[in-house]
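[1] Provided below for reference: sequence and predicted model.
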Amino acid sequence: MVGFLWIGSVLVMDITAVILAAGKSTRMKSALPKAIHPICGKPMTRYVVDACREAGVERIVVVVGYRADDVKAALGSDVSYAVQEEQLGTGHAAAQAMPLVESSQVVILPGDSPLVRPETIKKVISTHNETKAAATLLTAILEDPGSYGRIVRSSDGEVERIVEAKDASPEILEIKEVATSAYCFDTELLRESLAEIRSDNAQGEYYLTDTIGILRSKGYKISAFIAEDWCETVGINTRVELAEAVKILQRRILEQLMLDGVTIMSPETTFIDSGVSIGADTVVYPCTVIEGNTSIGVGCRIGPFTRIVDTAVGDGASVMASNIVGVRVVKGSAVGPFENASCGVCGEDG
C-alpha cells in the first residue's frame, strides 16, 4: 500500500509523479516546445502537473529536453526538473528522473495528455495498491487504435506486455486495448527494469513500455485500469488534436462556471480561459472571449461581441461590444458599446 510521510509539517503520500515533457513539436510544425503550447490560457503540461497535485501527489519531477529553459520558465518553480539531453525514448527519459525519486512508488505520465483528470490518477494509484502489483497501467479501449502500443494479455486476462505499433504483427494490431503512457510503479522494481531495457527495435529507442515485459517475465504482477473516458488519455501531437483538446477543456470550464451559478447564453460561441474567475449571477452573452488573469464580479453582464483580457470587473458592471485589456472596470458601471481600452480604469460609478 502507498504510505505517507511528513514533508515539514505536511503529511503527503509516499509517491512521486514523473512527467515526460522533453519532446519537440515536430508534428505540430512549431518551434515552440510541445509541453508549453497554450491551451485555454495554460501551458499543456501544466494541466498534467495540476491534475497530479489535485490527486494528492505533491512531489513532481518534470523531464525536460528541447528548449529546457523555456519549458521551466513556463511551467514554474513549484516542481523539480530532470534534463534529457538527447531524446532516446520514453524509457531513457524516465531514467533521467529516477535520481530525484526517493518515494516508494512513482506515477509516470506523458506531458502531452492535458485531459487526464485527478480522479483517474487516483484510480490508477488505488488499483496499483489494491492488486499489490509491481506496475499498473492506465489503458483505453479505442475503435481505431492507430499508432498506440497494444496491450497483450494472457489467456487468463493478465497483462503480459505492451507491443509498440511499429513493432507489432498484424494479429497484435487488431487489439483495441492500448497503452496510454501512464503508469504506477514500485520504484525499486522500476529502477531495476529500466537498467535492462534495450534499443533493438524499429525506432532504435529505449521504450518505457519494455519494463512491463521485463517485470512480467520475472513473475511480477502487472495490473491495468481501463480509463472510463478514453478522451482523457489522448496525447496531443498535431494542431488538429490540439483543437480537439481545446473543445473538451472549454466544455469542462464552461460547465463548471454554469454549475457555480454563471449563466452562459451560448456556450458554442463563448471562450473562457482556465484561470478566469466569474461571480454568481453574472450573465455572459454570445460571441464573448474572456482570457488571462481576469476576474469578474457577481451580477455582471458581459457581451455580446466582447473580449476581456487581464481585467478586473467589479460587481454589477456591464461590458458590451468592447475590447478591454489590462484595465479595472468600476463596480456597477457600464462599459461600451465600442470601447477599446488597454490600461487604466473604465466606467463610472453606476
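    Received the coordinates, thanks.
[2] domain assignment for this protein?
    Domains of the chain are assigned by automatic domain parsing as 4-233, 260-346.
[3] show me how far the last one is from its chain's centre.
    I take that to be domain 260-346. Distance, stretch centre to chain centre, for domain 260-346: 27 Å (Cα atoms, centre = their mean, to the nearest Å).
[4] residue 96: which element?
    helix 90-97 (DSSP states H and E).
[5] helix or strand next in line after that helix, which one?
    Following helix 90-97 in sequence, per DSSP H and E, is strand 105-110.
[6] what is the rounded mean pLDDT of that next one?
    Averaging pLDDT along strand 105-110 gives 97.
[7] again with stretch 318-328
    In this model, stretch 318-328 has an average pLDDT of 97.
[8] sort out which residues of it are buried, please.
    Of the residues in stretch 318-328, 318, 319, 320, 321, 322, 323, 324, 325, 327, 328 count as buried by neighbour count, 16 or more other Cβ atoms under 10 Å. Glycine gets a C-beta too; all of them are placed from N, C-alpha and C.
[9] dump it to PDB, keeping only the CA atoms.
    Extracted as PDB, the C-alpha positions of stretch 318-328 are listed here (Å, rounded to 0.1, in the frame of the first residue of the first chain):
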ATOM      1  CA  SER A 318     -21.700  45.500 -17.700                       C
ATOM      2  CA  VAL A 319     -19.300  45.300 -20.700                       C
ATOM      3  CA  MET A 320     -20.900  45.200 -24.100                       C
ATOM      4  CA  ALA A 321     -19.400  45.000 -27.600                       C
ATOM      5  CA  SER A 322     -16.000  46.100 -26.400                       C
ATOM      6  CA  ASN A 323     -12.300  45.100 -26.300                       C
ATOM      7  CA  ILE A 324     -10.600  45.800 -22.900                       C
ATOM      8  CA  VAL A 325      -7.200  44.600 -21.900                       C
ATOM      9  CA  GLY A 326      -5.400  45.200 -18.500                       C
ATOM     10  CA  VAL A 327      -8.000  47.600 -17.000                       C
ATOM     11  CA  ARG A 328     -10.200  47.800 -14.000                       C
END
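[10] contacts for that stretch next, please.
    Contacts of stretch 318-328 from elsewhere in the structure, counted by Cβ atoms under 8 Å, 6 or more residues apart in numbering, are 285, 300-314, 329, 333-346.
[11] buried ones only from these, please, as a ChimeraX command.
    Of the contacts of stretch 318-328, the buried ones can be selected in ChimeraX as follows, counting by 16+ other Cβ under 10 Å:
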select :285,300,301,302,303,304,305,306,307,308,309,311,312,313,314,329,333,334,335,336,339,341,346
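[12] how far off centre is the host helix or strand of residue 120?
    If you go by DSSP H and E, residue 120 is part of helix 118-130. Offset of helix 118-130 from its chain centre (Cα atoms, centre = their mean): 16 Å.
[13] and if you look at stretch 183-197?
    23 Å.
[14] could you check it and say which residues are buried?
    Neighbour-count burial for stretch 183-197 flags 183, 184, 185, 186, 187, 189, 190, 191, 193, 194, 197 (criterion: 16+ other Cβ under 10 Å).
[15] and it, average pLDDT?
    Rounded mean pLDDT across stretch 183-197 is 97.
[16] using CSV, write down the CA coordinates of it.
    Extracted C-alpha coordinates of stretch 183-197, given in CSV (Å, rounded to 0.1, in the frame of the first residue of the first chain):
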residue,chain,number,x,y,z
TYR,A,183,1.8,4.1,-15.2
CYS,A,184,2.2,3.5,-11.5
PHE,A,185,5.3,1.5,-10.5
ASP,A,186,7.1,0.2,-7.4
THR,A,187,10.1,2.5,-7.5
GLU,A,188,12.9,0.0,-6.9
LEU,A,189,11.4,-2.5,-9.4
LEU,A,190,11.2,0.3,-12.0
ARG,A,191,14.9,1.2,-11.4
GLU,A,192,15.9,-2.4,-12.0
SER,A,193,13.8,-2.9,-15.1
LEU,A,194,15.0,0.4,-16.7
ALA,A,195,18.5,-0.8,-16.4
GLU,A,196,17.6,-3.8,-18.5
ILE,A,197,15.7,-2.2,-21.5
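[17] for it, which outside residues touch it?
    15-16, 91, 94-95, 98, 101, 103-108, 124-125, 127-128, 133-138, 206-208, 210-211, 214-215, 220.
[18] using PyMOL, define a selection of the buried residues within the residues you listed.
    The buried residues among the contacts of stretch 183-197 can be selected in PyMOL (16+ other Cβ under 10 Å) with this line:
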select buried, resi 15+16+91+94+95+98+101+103+104+105+106+107+108+124+125+127+128+133+134+135+136+137+138+206+207+208+210+211+214+215
